[in-house]
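K.L.:
predicted model follows, preceded by the sequence.
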Amino acid sequence: MRVTFNNLNDGIAALNVAASALDRAQDQLATGRRLRAASDDPTAAQRAVDSRAEIATLDAYTRTADSAEARLTAIDTVLTDVIERITEAKATAAGARGDTAPPEAREALAGRIDGIRDAILGAINTSVGGTHLFSGGQALSAAYAFTAGAWVYQGDSNAVGVATAGSRTVTVSLDGQEIIQGADAADLFSELDALAASVRAGDQAGIQAGIESLDRAFDRTVRAQSSVGVDLNGLEQDQQQVAALRLASQKRLSKDEDADLAKAASDLARADTAYRAALGAISTAGRVSLMDYLR
Amino acid sequence: MAGLFGTLSMTARALDAQRAGLTVTGQNIANLNTEGYSRRALLLAESLIGGVEVAGIRARRDLLLEARVRQEIPAEAREAALADSLSVVEAALGRPGESIDARLSAFFDSFSELASDPASTVARDGVLQQGRLLAGSFNDMAGRLESARREADVQVRTGVSEINTLAGRVARLNVAIGGAVGGDAEALRDERELALEQLAGLADVSVLHREDGTVDVSIAGGRALVIGASSYEVEVTSTPPAGMAAISIGGVDITTALARGRVAGALDARDTRIPAYQARLDELAYEVARSVNTVHQTGFDLNGAAGQAFFTPLGGVAGAAAALQLDPAIGADPSLVAASGTGAPGDNQVARALADLRGTRTVGGTATFSEGWGQLVYRVGSDSQVAQAEQRSRHEVVAQVARLRDQVSGVSLDEESANMLKFQRAYEANARFFTTVNSVLDTLMSIGGVA
């Protein structure tokens, strides 16, 4: 075989191959990324898109769960407050039992009941960031208002839920009427108004009826609060699961996208050696010539 | 037998011949780095009148190997052009998590934010903003794919004009070679061979050598490009609707007949690969608009009115990615976002249904939006990978055949050094002989001079 001067070009081609391998290894090590373009590993690139979509979905659940948790905590606080008020109203009404209390004392007790009514109204009309928590779907309206001489529920019966995991929905806006009135003929505010009137008038039967309706309201509120508690617990469990799923997706993504640093480092060392070898080969081949020996 | 004077003139011719050898060696060394240069060899013959004579200077060629090189080059050139075009597309797609997939996720995220707080103007603004960004990123991507297609078209056009230039050069060289005598033609042949090789890189050409030293070149399966002294123009016509170039020769369209070479690679990218990617992108954009609009229109806006179209309804799949845009009416008024399924402003059923679309297999009934995008990324990536691998293996074949050709035609420095020494020594010996004969003549002349 005749070795011609053009064979030097082969050496340069080999040099280019070695140099691009070196460049690749360097790039992997410097950026920590395995994929420079989709063509480096099309399957991994596709999987990376899928994994990222999965992670984004899980992150959306987490964000929803965080804001749901804040809402549920607010609802829980309000319900605790309502329960305390109802208990206080019951105690107050109990103090008005019997015929012994003078009218001034009864007036004071009735005034206290009016105050409790206003406090419960304030609690049930709580809004967070402009969204009323006890108006069902009518988030822009306060739950109860005194309109045209009567208490009116301004919300609706659609409790609003949000998805906090694949299949779980938690309720973040309650149907206030369910708590305040339930199956009763009149709502708690009208009952409290009637109770205050009975206390003023010393109407024992009225006071007794009022206390019974307070008992029912107490039960309804406690029920609502325990269901909020169940949701809060569920949220926590779901979040652990979501975090585990996210970790799995993140691992898969990292496998597809991130450079194996140990491997990249050894690749770099190897590519460096190959590059030096190619350089050496060219310089050795280029240096030796018959020219040097003809004198 | 020649006399002493005859010997002198024979030696003078021998000196000439060895000097010619040195000149050829010098010529070879001078052209060590000249592309397309074929090694020259001096042919010496014994002279009938005694001594040596230069029989000629021949270039060392192997027509068969040269033809093999020309056969292998077009396949490599085609894959190289395709790989170039596809790497442009690949770069246009962007990295996972930084492209349309990220915009899709952000878009559906904004609906789940809205579901958490359906009456919030901030959340509604967020939905509109993300809708705008998503539509914008589809528009940008469509634009990038279209410009990649235009770039491929420009490559086709410049390729064709190069073909015409080279064909013209081959025809002119045919004329020159036909009229040249002796060694002069070798340089012209080298130049023509180089032109033919470049031509082979552009398109699949076949070359026919004629007895008078000229070549005929045909293109696209037998259409004449060069015959003797004439070359035929390959023409480019812009065709509607996109104004892409159609290639014809002698009035016959050969666009689809070009199978190999750089022009064919650019044509493949322009007419097959990129349009397929565009169709997928359009399908994705169309499905996004259709599904979002369908769900959005089942809902009610903040004022309790029935939901309108979220994206401006698209006429069809073709061109959907470029046309996708947020409906201007909704864009101007965040309260028109229909989040509610009941009409109550705090209800979020439709916002949740819209957020759930991210996990629904709507694209072709088999893939979610992000999976649809992933499939496009995979398709482009694997096409590009195949083209690159194909180019590498084709390149190896070309390099091997070229190496075989160079073994015949290439210049070896060692060989030339040895030749240089050979001719130098021969020249020295002849000169020495000349001196000797000269001194014999001197002796002869001095006989009886001074008795």
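P.N.:
In hand now; what should we look at? Residues are numbered from 1 along each chain as shown, chains lettered A, B, ... in the order given.
K.L.:
and the gap between residue B:257 and residue B:264?
P.N.:
From residue B:257 over to residue B:264 the distance is 9 Å, taken as C-beta to C-beta, to the nearest Å. The way it works is simple: take the backbone N, C-alpha and C, and place the C-beta from them, glycine included.
K.L.:
who's more crowded, the two?
P.N.:
Applying other C-beta atoms under 10 Å in any protein chain shown to residue B:257 and residue B:264 shows that residue B:264 carries more neighbours, namely 27 against 17.
K.L.:
state which one residue of chain B is found closest to chain A.
P.N.:
With C-beta to the nearest C-beta as the measure, residue B:346 is the residue of chain B nearest to chain A, at 2.4 Å.
K.L.:
my guess is that residue contacts residue B:119, does it?
P.N.:
Yes: using C-beta atoms under 8 Å, residue B:346 is in contact with residue B:119, at 5.6 Å.
K.L.:
circling back to that earlier point, count the neighbours of the residue of chain B closest to chain A for me.
P.N.:
Using other C-beta under 10 Å, the number of residues around residue B:346 comes to 27.
K.L.:
so who does it touch?
P.N.:
Neighbour list for residue B:346: A:131-132, A:135-140, A:160, A:173, B:118-119, B:340 [criterion: C-beta atoms under 8 Å, 6 or more residues apart in numbering or on different chains].
K.L.:
tell me which element residue A:283 is part of?
P.N.:
Following DSSP states H and E, the helix or strand that holds residue A:283 is helix A:261-287.
K.L.:
and that helix, does that touch chain B?
P.N.:
No: counting by C-beta under 8 Å from any C-beta of the partner chain, chain B is not contacted by helix A:261-287; separation bottoms out at 10.0 Å.
K.L.:
doesn't residue B:365 fall inside a helix?
P.N.:
No: if the criterion is DSSP: H, G, I helix; E, B strand; the rest coil, then residue B:365 is coil and not within a helix.
K.L.:
and the pLDDT at it?
P.N.:
We have a pLDDT of 84 for residue B:365.
K.L.:
quick one, phi psi at it?
P.N.:
Backbone torsions of residue B:365, given as degrees, to the nearest 10, read phi 70, psi 0.
K.L.:
what's the burial count for it?
P.N.:
Residue B:365 is flanked by 7 other residues according to other C-beta under 10 Å.
K.L.:
before we move on, what SS does the closest residue to the residue of chain B closest to chain A other than its chain neighbours have?
P.N.:
Of all residues not flanking residue B:346 in the chain, residue A:139 sits nearest, at 2.4 Å (C-beta to C-beta, 6 or more residues apart in numbering or on different chains). Under three-state DSSP, the three-state class of residue A:139 is coil.
K.L.:
quick one, what contacts the residue nearest to the spatial centre of chain A?
P.N.:
By C-alpha atoms, centre = their mean, chain A has its centre lying nearest to residue A:65, at 2.4 Å. Contacts for residue A:65 (C-beta under 8 Å, 6+ apart) come out as A:164-165, A:235, A:238-239, A:242.
K.L.:
so residue B:103 is in which element?
P.N.:
Assessed by DSSP H and E, residue B:103 sits inside helix B:100-116.
K.L.:
next SSE after that helix?
P.N.:
Towards the C-terminus, the helix or strand next in line after helix B:100-116, according to DSSP H and E, is helix B:121-179.
K.L.:
and the pLDDT at the residue in the stretch 151-295 of chain A that chain B sits nearest to?
P.N.:
Proximity to chain B, evaluated over the stretch 151-295 of chain A using C-beta to the nearest C-beta, is greatest for residue A:290 at 4.0 Å. The model reports residue A:290 with a pLDDT of 79.
K.L.:
for the residue of chain A found nearest chain B, give me its contacts.
P.N.:
Relative to chain B, the nearest point of chain A is residue A:139 (2.4 Å; C-beta to the nearest C-beta). Going by C-beta under 8 Å, 6+ apart, residue A:139 touches A:130-132, A:160, A:173, B:118-119, B:344-346.
K.L.:
that older thread, from the chain's centre, how far out does the helix holding residue B:103 sit?
P.N.:
41 Å (C-alpha atoms, centre = their mean, to the nearest Å).
K.L.:
and residue A:157, what does it touch?
P.N.:
A:136, A:175, A:177-178.
K.L.:
just the ones of the residues you listed in strands?
P.N.:
Counting by DSSP state E, no part of the contacts of residue A:157 is found in strands.
K.L.:
so which of these is the most crowded?
P.N.:
Going by other C-beta under 10 Å, residue A:136 tops the contacts of residue A:157 with 27 neighbours.
K.L.:
tell me what the helix holding residue A:283 is packed against?
P.N.:
Secondary structure elements in contact with helix A:261-287, counted by 3 or more C-beta pairs under 8 Å, 6 or more residues apart in numbering or on different chains; DSSP states H and E, are helix A:7-31.
K.L.:
the helix it packs on and chain B in contact?
P.N.:
Yes: contact of helix A:7-31 with chain B (C-beta under 8 Å from any C-beta) involves A:7, A:10, A:13.
K.L.:
from the residues you listed, which has minimum pLDDT?
P.N.:
Ranking those by pLDDT, residue A:7 lands last with 71.
K.L.:
what's residue A:215 in contact with, if anything?
P.N.:
residue A:90.
K.L.:
so it is in which element?
P.N.:
Assigned by DSSP H and E, residue A:215 belongs to helix A:204-257.
K.L.:
okay, and for chain A, where does confidence drop off?
P.N.:
A:295 (pLDDT under 70).
K.L.:
identify the residues contacting stretch A:251-268?
P.N.:
With contact meaning C-beta under 8 Å, 6+ apart, stretch A:251-268 is reached by A:21-22, A:24-26, A:28-29, A:31-35, A:41, A:44-45, A:47-48, A:51-52, A:55, B:96.
K.L.:
buried subset of those?
P.N.:
Listed as buried from the contacts of stretch A:251-268 are A:21-22, A:24-25, A:28, A:34-35, A:41, A:44-45, A:47-48, A:51-52, A:55, B:96; burial here means 16 or more other C-beta atoms under 10 Å in any protein chain shown.
K.L.:
which members of those define the maximum pairwise distance?
P.N.:
Farthest-apart pair in the buried ones among the contacts of stretch A:251-268 is A:22 and A:55; separation 33.3 Å (C-beta to C-beta).
K.L.:
show me what from the stretch 351-451 of chain B comes close to chain A.
P.N.:
B:352, B:355-356, B:358-359, B:368, B:370-371, B:373-375, B:377-382, B:384-385, B:388, B:399, B:403, B:406-408, B:410-415, B:417-418, B:420-421.
K.L.:
run the last query once more with 6 Å
P.N.:
Proximity of the stretch 351-451 of chain B to chain A (C-beta under 6 Å from any C-beta of the partner chain) is limited to residues B:370, B:373-374, B:377-378, B:381-382, B:384-385, B:406-407, B:410-414, B:417, B:421.
K.L.:
just the buried ones from the residues you listed, in ChimeraX syntax?
P.N.:
Those of these that count as buried under 16+ other C-beta under 10 Å are selected in ChimeraX with:
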select /B:370,373,374,377,378,381,382,384,385,406,407,410,411,412,413,414,417
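K.L.:
what's the helix or strand for the nearest residue to residue B:35 once chain neighbours are set aside?
P.N.:
Distances taken as C-beta to C-beta, 6+ apart put residue B:194 closest to residue B:35, at 6.4 Å, once the chain neighbours are dropped. Using DSSP H and E, residue B:194 sits in helix B:184-202.
K.L.:
for that helix, name the packing helices and strands.
P.N.:
Packing partners of helix B:184-202 (3 or more C-beta pairs under 6 Å, 6 or more residues apart in numbering or on different chains; DSSP states H and E): helix B:63-93, helix B:121-179, helix B:262-268.
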